[in-house]
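In: Here is the input, now give the coordinates:
(2 chains)
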Amino acid sequence: MSENSNPFTYAPAPESRELVSIESSYDLFIDGKFVAPKSKKRFPTINPATEEVLSKISLGGKEDLDLAVKAARRAYERVWSKLPGKERGKYLYRIARLMQERAREFAVLETLDNGKPIRETRDTDIPLAIQHFFYHAGWADKLEYAGAGSHPKPHGVVGQIIPWNFPLLMLAWKVAPALATGNTVVLKPAETTSLTALLFAQLCLDAGLPAGVVNIVTGDGSTGASLVAHKGVDKFAFTGSTEVGKAINRTLAASARPVTLELGGKGANIVFEDAAIDQAIEGIVQGIFFNQGHVCCAGSRLLIQENIHDLFIEKLERRIEEIRVGDPMDKNTDLGAINSKEQLAKIIELTQSGEVEGAKAWQPDCALPSRGFWFRPTIFTNVTGAHRIAREEIFGPVLSVLTFRTPQEAIEKANNTPYGLAAGVWSEKGSRILWASRELKAGVIWANTYNKFDAASPFGGYKESGWGREGGRHGLLPYLTHSSTPRVKSGKGVRR
Amino acid sequence: MSKERIDVKKTYKLFINGAFPRSESGRSYPIYRKGSKVLLAQPAQASRKDLRDAVRAAREARSKWYSASAYNRSQILYRLAEMMEGRRSQFVEEIMAQTSASKSVAEKEVSEAIDLWVWYAGWCDKIGQISGANNPINGPFYNFTSPEPVGVVGVFAAPDSPLLGLVRAMAPALVGGNTLVVLASEKHPLSAITFGEVIATSDVPAGVINILTGIRSELSSWLASHMEVDGLDISGVKSGSGEIRALATENLKRIADFDSSTSPNRILALMDQKTIWHPIGI
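Out: Purely as a prediction, here's the structure:
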């Protein structure tokens, strides 16, 4: 039977690319203006689904950062710190509304630059980014109730470095709380995904945000390192790998400047024998294949109770065969392109180690586009806790399956990692869920669900997955100096 | 023939896993009465191995301490205050002997230390209420956040204050449900060990608090870099805190670094917030 004669075959439903106009090159956004980098250097940004060059991005350097930090300082001292919270909040509301109006444009741009499916940018990334601005807008004039004392103060100039996996959403996670709390920002987007941040810069202008309150300096790792080394920055926030996070903290250790870190993970998704199996299957799929597995909190380790292993894996494989891999602009697509050639090489290297070490790989027999960076959804069974694929963050659509017999063994295996970002629990028994949730060493526990996010929900890790929280009331605290306090800051203590 | 009684002097040893061992290294170091050559005591000079033993004890005691109910932990910490009150004169004498403090200054330090335990004890069953949250999610989910202990915390007691500096750092870390490895003041270690005796009689489970005396420079970097230590209170570190922070980066220890003020933020600095989601549905 040919594909066309099957009435249940999907016809492609591509989103229109005409919704966005991409310029041939972009400048840096400093002090409310788009300015060329001092080095005059630019680098290409590509669509990872086609390898087409979309535009040229400015390579920011030390001099550019110096200007950006100075602009942020000036804006902080002259304008932003003097503005009452309720007025600051109005700018954030404006930004949220402007983003809503151009939501589809942001979604298309994000999908083109990042490679993730339009369904996800349209339904998850962009709406959540908007919610983040809306949520934090309302905090700007209520900070005395945030739990940081009755006179909470901002740090001043905040340096922020964000990753490529959720470009605009990570920008929102960083910029919205920083502005709401009265800080000004120098933000460095990820090297491969700067376009939505640059469209956001335009939005800041459209919203009338005072010059210098938000500065966006694009570039590569060296740009980020220069930002971290810059003495004029009062506080840092970084989302990315644990390795880079540690390097950042070593740089900042001597000066004891405050830093928020959202780092890697190796999330365990535990399925107990009494789980609702079909729901759990959906949750496991969402947990590891959402955003091609480029998710720090991905449920990359499936811990399944031994007596339901075979049935569960059979059902899981059948479900994975239904995953549609391909053109991210197609509204039917579930799994898009791997973000970069480098990331694809890393995924391939780690999965090869899995096979060499004796785990058994399974992939559906799906076609992949001829150009671009792709990787089939993959499950490894026969995995032991010592395998690299059970210990290292793959950051791709690769699931490692381990088994357990008793609930205690499940917890022990789940916690046997230096990471502690997120974990999942699947069971129909309430007391077991609460017990497991308490025992798991992770900052986010999804029980009978996975990979859910919300502006009001604090997110962040235990152990080597990071410091501090983002989102919710707790996410405000790292951006405020508490009234009782780190020695390095001045401030009066709360008296007994 | 004198009728004067010869008093019985105390041997100051380490406090590890509820026992008072000497250093495995066999070393001790002299502490003299302030401004004199009169020997007060020869406390143990802890080694790296003693530090490891203390960390292991603290690690194993974690579940005993955190699985106790908050009400129970609160009563145990309150009992520390009760036991200190009973030994008040010993604490006062030791502070006076080790420092140049007058009696009234020493009395004040002991009173403040006792009152601090009372204040912090009451936080055990309240910290989760003031710092946790129910989060209103845009969707059919129940979502809540609550603070949990980071695990094993290394405490660098302040060098200049024999008792109060110690309590200021220990109390909030314990309230948070952590277990401790404490480096006592190098110059004034005696109050710390006497405090160990208070702990031993206060229903604090063995291993929850471990106290090491000795030479700070021999122990600091091992404590700061130990991979099974999850957090540090470095408020008592006067110089070299940058180096400690850099060493602590290896496993991203949580760092508490506070002035002498008293605040629930000190408790929260050594706790992690956990957020739990569950769908709502029929």
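In: Pull the distance from stretch B:152-170 to the chain's centre.
Out: 6 Å (CA atoms, centre = their mean, to the nearest Å).
In: Where does pLDDT dip in chain B?
Out: B:1-2 (pLDDT under 70).
In: Strands of that one, residue ranges please.
Out: Along chain B, counting by DSSP state E, strands occupy B:31-32, B:39-41, B:133-134, B:141-149, B:152-156, B:179-183, B:209-212, B:231-233, B:254-256, B:271-279.
In: The stretch 151-300 of chain A too?
Out: A:153-154, A:157-161, A:184-188, A:214-216, A:235-239, A:259-262, A:268-271 (DSSP state E, counting those that start in this stretch).
In: Of those, which is nearest chain B?
Out: strand A:259-262 (7.2 Å; CB to the nearest CB). C-beta here means a position set from N, CA and C on the backbone, and glycine is covered the same way.
In: tell me the mean pLDDT for that closest one?
Out: In this model, strand A:259-262 has an average pLDDT of 96.
In: Paired strands for it, with orientation please.
Out: In the sheet, strand A:259-262 lines up against strand A:235-239 (parallel), strand A:466-467 (antiparallel) (DSSP bridges).
In: In JSON lines, list these along with mean pLDDT.
Out: Below are the strands paired with strand A:259-262 laid out as JSON lines (pLDDT from 0 to 100):
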{"stretch": "strand A:235-239", "mean pLDDT": "97"}
{"stretch": "strand A:466-467", "mean pLDDT": "96"}
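In: Redo these as JSON lines? Include mean neighbour count.
Out: Output for those, formatted as JSON lines (neighbours: other CB atoms under 10 Å in any protein chain shown):
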{"stretch": "strand A:235-239", "mean neighbour count": "25"}
{"stretch": "strand A:466-467", "mean neighbour count": "26"}
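In: Within range of chain B, give me the residues from the stretch 151-300 of chain A.
Out: Neighbours of chain B within the stretch 151-300 of chain A, by CB under 8 Å from any CB of the partner chain: A:242, A:245-246, A:249-250, A:253-256, A:261, A:263.
In: Check the stretch 1-150 of chain A too.
Out: Listed as neighbours of chain B in the stretch 1-150 of chain A under the rule CB under 8 Å from any CB: A:131, A:147.
In: What segments of the stretch 1-150 of chain A are helices?
Out: A:62-78, A:85-101, A:103-114, A:118-120, A:126-137 (DSSP state H, counting those that start in this stretch).
In: and for the last one, what are the contacting residues?
Out: To tie it back to what came earlier, the one meant is helix A:126-137. A:89-90, A:92-93, A:95-96, A:99-100, A:103, A:106-107, A:110, A:168-169, A:171-173, A:176-177, A:179-180, A:453-456, A:471, A:476, B:138 (CB atoms under 8 Å, 6 or more residues apart in numbering or on different chains).
In: Try it again at 7 Å.
Out: Here helix A:126-137 makes contact (CB atoms under 7 Å, 6 or more residues apart in numbering or on different chains) with A:89, A:92-93, A:95-96, A:99-100, A:103, A:106-107, A:168-169, A:172-173, A:176-177, A:180, A:453, A:455-456, B:138.
In: and if you look at the shortest one?
Out: In this structure, residues lying in contact with helix A:118-120 by CB under 7 Å, 6+ apart are A:15, A:107-108, A:111, A:291, A:328-329, A:331, A:333.
In: Would you list the buried entries among those?
Out: Buried members of the contacts of helix A:118-120, scored by 16 or more other CB atoms under 10 Å in any protein chain shown, are A:15, A:107-108, A:111, A:291, A:328-329, A:333.
In: What parts of the stretch 101-250 of chain B come near chain A?
Out: Those residues of the stretch 101-250 of chain B that sit near chain A, judged by CB under 7 Å from any CB of the partner chain, are B:119, B:131, B:133, B:135-138, B:141, B:143, B:145, B:235, B:241-242, B:245-246, B:249.
In: Mark which of those residues are part of helices, please.
Out: B:119, B:131, B:241-242, B:245-246 (DSSP state H).
In: Now, of the residues you listed, which are buried?
Out: Among those, those buried by neighbour count (16+ other CB under 10 Å) are B:131, B:241, B:245-246.
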